[in-house]
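Undergrad: got a structure for you, letters missing:
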């Protein structure tokens, strides 16, 4: 194909105004000899592919390494000299604008505009989260528009001044960094066994280290009492206070369970942080992980039952900590797991003899994380003068279920079985779940029976001698007592916690924390109790 005729342009004229060809002549040439026009090849950028999106009329460009193009360009061409930048890093004039009292790092770390969790910065003046710090990013725009200049990268824990875009280096900011990501040494972790601290928040409110209220976002009080109680179990607390204990967990591809362990560890460290700015904590990130990992089985917008949540949480934590290899041991099983032998026999129909293989007693060994106690049925009718009388039962009567002598009846749709339970291995921490609610097709009924229990009890009379001889002590001390107040539909949950290092009991109901006399604990409608074996408490006091 012959090339089309083109008008020659003098190189000297190209610097000025180029000579314009005759349009009619060009049109005629193109019709006779069409030209295939080739677009100039685009130069391949040094960076990888860039994803561009528009949000609120602000154009933001991202690289594959989660950074900004314009951010690196500004570092190449700084608006201030290197010497001035170094001086300003140590003498930032905007540090006095930081408002520590409104900082809240308990919520999800996402940009308040783009809702992205990549490269998020916290404004230390208003407390809001924004994405990026380069020009035309949300954080940059916020700094110019609202005159807020001090920002903290929530991932790298570095401070920056915008829009000047230089790093701030100042020792007075370490307290903010510690609130965002508290850390504990091994000596500090062990010292919590026998020492306590009375801390003070920024508003002057004093609180005991580890005893802080948890925010009830809507209806998550049934989760709060479980989370608070588990945070006070010594082996669980010491394991999760050290982030290195679970940082190298390997899970199967596609598993979504690791955030549950990560968020629970964050909650434990925040709860035991002695330098918190506030006297309460919001478990928002932990609750979000629960909703996702349980596939919305447990939600914080709808009231639930603490016993199924406790069972799911313990098994899920164990599953994740062992890398989905359930037969391995973990801090959860090592702390709460016990063993028993279940002796079961089938009951023949009325008028028939128990003859045959199916009516023989079968014994199976099984493990347990908690023991269920059955309350006696409440009376259906009361006399005129008995309206204010609440039925009571001692806890020793309920524990007879596990003495290997009492037979408990269990019915299925086609058969009836009698079972006896024989405890063969005592857990370090014993969890008792009192079956207080009964659900039928129409409604949920609550048994108001008061369980009389001591602060300490010996379980030796309910187990065989050969089992009790294996342990230094068979006595258990009450650590946490979870209660339910009100009706099944509108009731609330609270927990009584014992801080052994301070020899003090506390009543914790969401954000409300008050000191409690031990005599008042036994008057409550107990639902879940966590006991610590006495020999473990003695060992912790001695170390």
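TA: Received, thanks. Worth saying up front: this structure is predicted, and the values here are computed from it rather than measured.
Undergrad: which stretches of this structure have low pLDDT?
TA: Along the chain, the model assigns pLDDT under 70 to residues 1-81, 380-388, 538-543.
Undergrad: which element is the residue most central in space within the chain on?
TA: Centroid-nearest residue in the chain, with Cα atoms, centre = their mean: residue 286, separated by 2.5 Å. Assigned by DSSP states H and E, residue 286 belongs to helix 284-293.
Undergrad: residue 139 too?
TA: Residue-wise, residue 139 maps onto helix 138-146 under DSSP H and E.
Undergrad: return the set of buried residues in that helix.
TA: Buried residues in helix 138-146, counting neighbours by 16 or more other Cβ atoms under 10 Å, are found at 138-143. Just so you know, the C-beta spots here come from the backbone N, C-alpha and C atoms, and that holds for glycine as well.
Undergrad: could you check how far the helix or strand hosting residue 398 is from the centre of its chain?
TA: Element membership of residue 398 [criterion: DSSP H and E] is helix 395-399. On the basis of Cα atoms, centre = their mean, to the nearest Å, helix 395-399 sits 34 Å off its chain's mean C-alpha point.
Undergrad: next: stretch 191-205.
TA: For stretch 191-205, the distance to the chain centre is 22 Å (Cα atoms, centre = their mean).
Undergrad: got a list of contacts for it?
TA: 100-101, 206-210, 234, 237-238, 272, 274-279, 499-502, 540-541, 543 (Cβ atoms under 8 Å, 6 or more residues apart in numbering).
Undergrad: same question for stretch 292-302.
TA: With Cβ under 8 Å, 6+ apart as the criterion, stretch 292-302 contacts 217-220, 223, 256-257, 259-260, 287, 290-291, 304, 308-309, 312, 316.
Undergrad: picking that back up, contacts for the helix holding residue 398?
TA: For helix 395-399, using Cβ under 8 Å, 6+ apart, the contacting residues are 373-375, 432, 434, 451-454, 457, 459, 462.
Undergrad: could you redo the last one with a cut-off of 6 Å?
TA: 373, 451, 453, 462 (Cβ atoms under 6 Å, 6 or more residues apart in numbering).
Undergrad: which stretches of the stretch 401-543 of the chain form helices?
TA: 465-468, 518-521, 534-542 (DSSP state H, counting those that start in this stretch).
Undergrad: okay if I get the ones you listed as a markdown table plus distance to residue 176?
TA: Listed next are the helices of the stretch 401-543 of the chain as a markdown table, based on distance: least, Cβ to Cβ, whole Å:
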| stretch | distance to residue 176 |
| --- | --- |
| helix 465-468 | 52 |
| helix 518-521 | 39 |
| helix 534-542 | 33 |
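Undergrad: closest one to residue 186 among those?
TA: helix 534-542 (14.8 Å; Cβ to Cβ).
Undergrad: over to residue 362: give its phi and psi.
TA: When quoted as degrees, to the nearest 10, the phi and psi of residue 362 stand at phi -110, psi 140.
Undergrad: now it: closest residue in space, sequence neighbours ignored.
TA: residue 344 (5.3 Å; Cβ to Cβ, 6 or more residues apart in numbering).
Undergrad: so for whatever helix or strand the one you found lives in, what gets flagged as buried?
TA: According to DSSP H and E, residue 344 maps onto strand 338-347. Buried residues in strand 338-347, counted by 16+ other Cβ under 10 Å: 338, 340, 343-345, 347.
Undergrad: what does stretch 415-434 give?
TA: Quick answer for stretch 415-434 (16+ other Cβ under 10 Å): 419-423, 426-434.
Undergrad: now do stretch 105-116
TA: Residues 105-106, 111, 113-114, 116 are the ones in stretch 105-116 that count as buried (16+ other Cβ under 10 Å).
Undergrad: can you check stretch 147-155 too?
TA: For stretch 147-155, by 16+ other Cβ under 10 Å, it's 148-154.
Undergrad: before we move on, what about stretch 276-293?
TA: Neighbour-count burial for stretch 276-293 [16+ other Cβ under 10 Å]: 276-287, 289-290, 293.
Undergrad: picking up where we left off before, need the helices of the stretch 401-543 of the chain in TSV (columns: mean neighbour count and distance to residue 405).
TA: Formatted as TSV, these follow (neighbours: other Cβ atoms under 10 Å; distance: least, Cβ to Cβ, whole Å):
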stretch	mean neighbour count	distance to residue 405
helix 465-468	12	14
helix 518-521	13	30
helix 534-542	14	25
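Undergrad: can you check which of the ones you listed gets nearest to residue 323?
TA: When the helices of the stretch 401-543 of the chain are ranked by proximity to residue 323 (Cβ to Cβ), helix 534-542 comes first, at 27.1 Å.
Undergrad: ok, back up a step: and the two most separated of the buried residues of stretch 415-434?
TA: In terms of Cβ to Cβ, these reach their longest pairwise distance at 419 and 428, which sit 25.7 Å apart.
Undergrad: hang on, residue 222 in a helix?
TA: Yes. Under DSSP: H, G, I helix; E, B strand; the rest coil, residue 222 sits within a helix.
Undergrad: count of neighbours near it?
TA: 25 (other Cβ atoms under 10 Å).
Undergrad: separation between it and residue 372?
TA: Distance of residue 222 to residue 372, given as Cβ to Cβ, to the nearest Å: 17 Å.
Undergrad: likewise residue 350?
TA: Relative to residue 372, and taking Cβ to Cβ, residue 350 is found at 29 Å.
Undergrad: of the two, who's got more company?
TA: Under the neighbour definition other Cβ under 10 Å, residue 350 and residue 372 were set side by side, and residue 372 has more, 14 against 5.
Undergrad: relative to the strand or helix carrying that one, what are the paired strands and their orientations?
TA: For residue 372, the element it lies in under DSSP H and E is strand 371-374. Partners of strand 371-374 in the sheet, by DSSP bridges, are strand 429-435 (parallel).
Undergrad: report the angle between the partner strand and strand 338-347.
TA: Angle of strand 429-435 versus strand 338-347, following axes from the mean of the first three to the mean of the last three Cα atoms, to 10 degrees, is 40 degrees.
Undergrad: and the contacts of strand 429-435?
TA: By Cβ under 6 Å, 6+ apart, strand 429-435 touches 233, 307, 335-336, 370-374, 476, 526-532.
Undergrad: in PyMOL, how would I select just the buried ones from the residues you listed?
TA: Under the burial definition 16+ other Cβ under 10 Å, those of these that qualify are selected in PyMOL by:
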select buried, resi 233+307+335+336+370+371+373+476+526+527+528+529+530+531+532
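Undergrad: mark which of the contacts of strand 429-435 are part of strands, please.
TA: 371-374, 476, 526-532 (DSSP state E).
Undergrad: what's the most distant pair in these?
TA: Largest pairwise distance in the ones in strands among the contacts of strand 429-435, by Cβ to Cβ, is 24.0 Å, between 374 and 532.
Undergrad: between the buried residues of stretch 105-116, which is nearest residue 441?
TA: Out of these, the member with the shortest distance to residue 441 (by Cβ to Cβ) is residue 106, at 40.6 Å.
Undergrad: who's in contact with the closest one?
TA: 282, 284.
Undergrad: got it, and residue 349?
TA: Taking Cβ under 6 Å, 6+ apart as the definition, residue 349 has no contacts.
Undergrad: that one is in what secondary structure piece?
TA: Per DSSP H and E, there is no helix or strand for residue 349.
Undergrad: look up phi and psi at it.
TA: According to degrees, to the nearest 10, residue 349 has phi -60, psi 160.
Undergrad: from residue 420, how far out is residue 217?
TA: 44 Å.
Undergrad: typo on my end, residue 259
TA: 42 Å.
Undergrad: cool, and residue 397?
TA: Residue 397 is 17 Å from residue 420, by Cβ to Cβ.
Undergrad: one more: residue 356?
TA: 20 Å.
Undergrad: from residue 266, how far off is the residue nearest to residue 117 when sequence neighbours are not counted?
TA: Spatial nearest neighbour of residue 117, chain neighbours left out: residue 110 (4.9 Å); criterion: Cβ to Cβ, 6+ apart. Plainly put, residue 110 is 16 Å away from residue 266 if you go by Cβ to Cβ.
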